[in-house]
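# Predicted coordinates and the sequence they were generated for:
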Amino acid sequence: MPESLDCTDSNDYNCDGSVGYEDADSDTHPACEDCNDADAAINPDADEICDEIDNDCDEDIDEDATDAATWYGDSDGDGFGSTQLTETACAPSSGFFV
């Protein structure tokens, strides 16, 4: 029987005890779909958090992070933010304060 080229295939076609599907961190995502198969907290279904790591394997870092802060824009330049202009992000853009 030919070996499967699908890395998500969990069948051992040649009975050697190994499969195309590997999941070293046991997070239910095969290594071929997991950007860090050594850390179960990092996988395609993970929530993105503010840690400068691509937690959800989409090649973006800290986007739409669940623990992102709300920053307030200082439209009048007095050094204090206003509730009229806000952004939610891990770090503030220029002119935004906590």
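Happy to help now that I have it.

# Beta-bridge partners for the closest residue to Phe96 other than its chain neighbours, please?
Of all residues not flanking Phe96 in the chain, Trp71 sits nearest, at 3.8 Å (CB to CB, 6 or more residues apart in numbering). Yep, even glycine has a C-beta here, placed from its N, CA and C like the rest. For Trp71, the beta-bridge partners are Glu87 (DSSP bridges).

# Need the pLDDT of Ala24.
Predicted confidence (pLDDT) at Ala24: the value is 87.

# where's it relative to Ala41, distance?
Ala24 sits 13 Å away from Ala41, going by CB to CB, to the nearest Å.

# and what of Ala31?
Distance from Ala31 to Ala41, by CB to CB: 15 Å.

# Could you do Val98 as well?
26 Å.

# what does Glu59 give?
From Glu59 to Ala41 the distance is 17 Å (CB to CB).

# neighbour-wise, which of these two wins?
Applying other CB atoms under 10 Å to Glu59 and Ala41 shows that Ala41 carries more neighbours, namely 13 against 8.

# Can you list the low-confidence ranges for the chain?
1-5, 14, 16, 18, 20 (pLDDT under 70).

# now the strands: where do they sit in it?
69-73, 82-89, 96-97 (DSSP state E).

# Could you list the buried residues of the first one?
So the one you mean is strand 69-73. Going by neighbour count (16 or more other CB atoms under 10 Å), the buried part of strand 69-73 is Trp71, Tyr72, Gly73.
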